[in-house]
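Colleague: Take a look and give me a structure for this.
(chains A, B and C)
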Amino acid sequence: MDRLRRTMLYVPGSKPGMIKDIYIYQPDAIMFDLEDSVSITEKDSARFLVSEALKQVDYQGIETVVRINGLDTEFGLEDLKLIVQSKPDVIRLPKTEKAEDVWKVEKIIDKLEKEYGIEKGSINMMAAIESAMGVLNAAEIAKSSKRLIGIALGAEDYVTNIKTKRSPEGTELLFARSQILNAARAYNIAAIDTVYSDVDNIKGFRREVEHIKQLGFDGKSIINPKQIEVVHDVYNPKVEEIEEAIEIWDTMKKAKEKGQGVISLRGKMIDKPIIDRAKRILDLAGVSYVE
Amino acid sequence: MKLKKRAVAGTMESSDIMVEVIPWDRGLEINLQSDVMKQYGKHIEKLVSEILEENNINNACINLNDKGALDFTIAARVKTALYRAGKEDK
Amino acid sequence: MFENYTVEYIEKDQVKKREKAEKFLNKLGLKYDEGVDITIVLKNNDEILGTISAEDNLIKCMGINQNHRNEGILNKLVSEIIKFKYSQNIFELSVITGICNKDKLKSLGFYEIYSTENIVLMENSKYKFQNYIKKIEEHKNKNNKNNAAVVMNLNPITKGHLYLIEKASKENDFVYIFVVSEDKSEIPFEVRFELAEKSTQHLKNVKIIEGGDYIISSSTFPSYFTKTYNDWVENYCDLDLNIFGKYISKTLNIKKRYIGSEPYCSLTSYYNKKIHKILPKYNVEIEEVERLANKDEVISASKVRKLAKESKFDILKELVPVPTYRYLKSKRRTL
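Modeller: Numbering: from 1, shown residues only, chains lettered A, B, ... in the order given. Here you go, the predicted model:
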């Protein structure tokens, strides 16, 4: 089963009260931020807090992601040194513009894994695309590394970069979203959409989630727990969809056992895309199945 | 680790702990103030002592004001204060 | 947890930014102190949740939004100001506040130094006051029974000051001259101290010592330097004089305190009245000495500084001892 990444909940790495409790909201992933939400004077303390939390707190299977500062800052390298040691699931790079940005970080992670006796490749990476150049290079970024499990859109910086503002309809993000999504799918990695800052506007948030789900995104960046249930609800398949998916899957399994080459259900041919879609629905619904 | 100057880390907000490291020449002194002194005082002092020992600190006054911090927070704040105390002034 | 708190740091010159904080404090019945060098404001969107300020190492102007009590706002503000002051290499903070805040501040790491009926002096250093008393102790003169003390700003030392010091020197075994440390005077502390030592060299039983943070300084007497009379003056006098009586006079075995009569400054004359009331409790006698006059005019340090500014050195020569005269002459145009 592919890991679900419907919701990635942001937590400022400088707040111990938030870090300790965050798993109770049960997002699919938690992103501990050392970058934009942490003030310059607290970069070091946030680094230690996140590092110790990863070592000592049980996040109950939720994917742990750490957004480090860029290597072009005085904090990035120190972040990597301490965070790799603490073994998060994913290290997220800010402001990625080209494949080289990924390679630079990967090289350091390689070295640190070796130094700390950590199994090579056990720490994954994620890249945030936040500029016009990054969007153009989405494809090369998506294929740049075996460790890279996903790319995300960072809309705030992106819209500034392309000289416009965010709108409820999101027209200004259409190209970026499409590029990122397409690149992610071409190279079989996850695509995560950007944050929605108006926390109190649940209606507007839901519309945006429905929009990006239709575009094909795996999930959304979350800045407040009340956004989580909206996303999970939108991504939750309908009962009929689930029942159908179970049926398709069972039919496929039976046909395979019998050694049948062509699989059909109620007169319709069941080919790979249909099986993949069924699998996706089962994943989203949290229904277990045998591969 | 060599301590070069005084440093402070953390806050006195709920779930946090404020840690002050003062290098001096009177051995090691740990002053802990905590809301849960009776239940966890010894545990916190032990945790702090271990970190100090790992870092070879034996000449400092460590002041801590705990507001219900979990172990990971205590460890992080102590390590941050030591890190800051060991840095050269720019 | 996920609220939109912002912390604003307002430095001394950002007067406009401070206006909102000032209004907030006024609504709580508190006054804003012009001398502060930093004001920290905690906001939730546009609503002020609380504010705290400081002048050097003295915390001032704490105010919490009464609709948000018990939300840990003071915890956050005190943490922020400790951190801020650390970045300025100020590590030990004091606060003078109403007795009602004592317990809360204790929980935030402050130790009680002294309480009067209404106010309390607290510091977040375990050893600062102890170390101060130890330093005072080093000036102890074991053989002397009749020790006297004078507390003076000496801004600069004049013949008027010398007159009082010489009188004390004659009437006692030993005299301690506490020079007020705070650098709010026009002449810097080091200079005032040095001029005092030089001008009293001929008196073998007189020692000039640094007053420190607990003798008429912002720490124990915040309004002294602004010389404006306000409701807190009585509280501050109590604090200052009780600390002197309980700790300082006891450590140095001081039996008499000399003060100059104060015809000009109402604050000082009020302070002098209080001395008569408080110090006898600690077995310290008060000796009030009429100020030395030159041609019907009392010699005052402020008059001396004025004459120096006006370069009237002939008149000045008669009012100050030689070391002071030399200093003022060399400093002309810069005073």
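
Colleague: mind showing which ranges of chain B have poor pLDDT?
Modeller: For chain B, the stretches flagged by pLDDT under 70 are B:90.

Colleague: can we see that at 90?
Modeller: Low-confidence segments of chain B (pLDDT under 90): B:1, B:88-90.

Colleague: so what's A:Glu97 up against?
Modeller: Neighbour list for A:Glu97: A:129, A:131, A:133-134, A:137 [criterion: C-beta atoms under 8 Å, 6 or more residues apart in numbering or on different chains]. In short, each C-beta sits where N, CA and C put it, glycine included.

Colleague: Likewise for A:Ala183?
Modeller: Applying C-beta under 8 Å, 6+ apart, we find A:Ala183 in contact with A:138-139, A:141-142, A:151.

Colleague: roughly how far apart are C:Asn143 and C:Lys207?
Modeller: From C:Asn143 across to C:Lys207, the span is 14 Å (C-beta to C-beta, to the nearest Å).

Colleague: Just want to know which of the two has more residues nearby.
Modeller: Using other C-beta atoms under 10 Å in any protein chain shown as the criterion, C:Asn143 and C:Lys207 rank with C:Lys207 on top: 17 against 7.

Colleague: any idea how far stretch A:243-261 is from the chain center?
Modeller: 30 Å (C-alpha atoms, centre = their mean, to the nearest Å).

Colleague: on that earlier part again, please narrow the contacts of A:Glu97 to those residing in helices.
Modeller: Counting by DSSP state H, the contacts of A:Glu97 place A:133-134 in helices.

Colleague: quick check, nearest of the contacts of A:Glu97 to B:Val78?
Modeller: A:Ile129 (37.6 Å; C-beta to C-beta).

Colleague: now whichever residue of the stretch 1-150 of chain A sits closest to chain C: how far from A:Thr96?
Modeller: Taking C-beta to the nearest C-beta, chain C has its nearest neighbour within the stretch 1-150 of chain A at A:Met18, 5.3 Å off. Distance of A:Met18 to A:Thr96, computed by C-beta to C-beta: 26 Å.

Colleague: same check, this time on A:Phe75
Modeller: For A:Phe75 relative to A:Thr96 (C-beta to C-beta), the value is 17 Å.

Colleague: So for the two, which residue has more residues nearby?
Modeller: Set A:Phe75 next to A:Thr96 and count neighbours by other C-beta under 10 Å: A:Thr96 wins out with 29 against 19.

Colleague: Check the gap between whatever residue of chain C ends up closest to chain B and B:Lys67 for me.
Modeller: Residue nearest to chain B within chain C (C-beta to the nearest C-beta): C:Ser79, separated by 3.7 Å. Separation of C:Ser79 from B:Lys67 (C-beta to C-beta) stands at 10 Å.

Colleague: overlap in contacts of these two?
Modeller: Joint contacts of C:Ser79 and B:Lys67 (C-beta under 8 Å, 6+ apart) are B:12-13.

Colleague: related to what we said a few turns ago, only the buried members of the contacts of A:Ala183: can you turn that into a PyMOL selection?
Modeller: A single PyMOL command selects the buried members of the contacts of A:Ala183 (16 or more other C-beta atoms under 10 Å in any protein chain shown):
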select buried, chain A and resi 138+139+141+142+151
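
Colleague: quick one: which two of the contacts of A:Ala183 are the most distant?
Modeller: Farthest apart among those by C-beta to C-beta are A:Ala139 and A:Ile151. That separation is 10.0 Å.

Colleague: by contact count, what packs against the helix ranked longest in chain A?
Modeller: In chain A, with assignment by DSSP H, the single longest helix is helix A:239-258. Judged by 3 or more C-beta pairs under 8 Å, 6 or more residues apart in numbering or on different chains; DSSP states H and E, the packing partners of helix A:239-258 are strand A:264-265, helix A:272-285.

Colleague: Report the mean per-residue pLDDT for it.
Modeller: For helix A:239-258, mean pLDDT rounds to 92.

Colleague: cool, stretch A:181-194 as well?
Modeller: For stretch A:181-194, the mean pLDDT works out to 97.

Colleague: For it, buried residues please.
Modeller: A:181-184, A:187, A:189-194.

Colleague: Then stretch C:5-23?
Modeller: Neighbour-count burial for stretch C:5-23 flags C:8, C:10, C:18, C:20-22 (criterion: 16+ other C-beta under 10 Å).

Colleague: In these, find the pair that's most separated.
Modeller: The distance between the two most remote of the buried residues of stretch C:5-23 (C-beta to C-beta) is 13.4 Å, for C:Glu8 and C:Glu22.

Colleague: partners of the top strand by length along chain C in the sheet?
Modeller: As assigned by DSSP state E, the longest strand anywhere in chain C is strand C:47-55. Note on strand C:47-55: by DSSP bridges, its sheet partners are strand C:38-44 (antiparallel), strand C:58-64 (antiparallel).

Colleague: which outside residues touch it?
Modeller: So strand C:47-55 is contacted by C:5, C:20-21, C:24-25, C:32-33, C:35-43, C:59-65, C:68, C:71, C:73-74, C:76-78, C:80-81, C:84-85, C:93, C:218 (C-beta under 8 Å, 6+ apart).

Colleague: Type out the ChimeraX command that picks the buried ones from those residues.
Modeller: Per 16+ other C-beta under 10 Å, the buried members of these correspond to this ChimeraX selection:
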select /C:20,21,24,25,32,33,35,36,38,39,40,41,42,43,59,60,61,62,63,64,65,71,73,74,76,77,78,80,81,84,85,93,218
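
Colleague: who in chain B is up against chain C?
Modeller: Contacts of chain B with chain C, taken as C-beta under 8 Å from any C-beta of the partner chain, map to B:6-8, B:10-14, B:18, B:22, B:31, B:33, B:35, B:63, B:65, B:67.

Colleague: Neighbours of the closest residue in space to B:Gly10 that isn't next to it in sequence, how many?
Modeller: The spatially closest residue to B:Gly10, leaving aside those adjacent along the chain, is B:Arg77, at 3.8 Å (C-beta to C-beta, 6 or more residues apart in numbering or on different chains). Residues within reach of B:Arg77, counting by other C-beta under 10 Å, total 28.

Colleague: and what of A:Leu265?
Modeller: A:Leu265, neighbours per other C-beta under 10 Å, totals 15.

Colleague: ok, it touching A:Ile248?
Modeller: Yes: judged on C-beta atoms under 8 Å, A:Leu265 makes contact with A:Ile248 at a distance of 6.4 Å.

Colleague: got the residue ranges for the helices in the stretch 1-150 of chain C?
Modeller: Remark: helices assigned in the stretch 1-150 of chain C by DSSP state H, counting those that start in this stretch are C:15-27, C:73-87, C:102-107, C:128-137.

Colleague: Rebuild the ones you listed as TSV, extending it with mean pLDDT.
Modeller: Listed next are the helices of the stretch 1-150 of chain C as TSV, based on pLDDT from 0 to 100:
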stretch	mean pLDDT
helix C:15-27	89
helix C:73-87	97
helix C:102-107	96
helix C:128-137	95
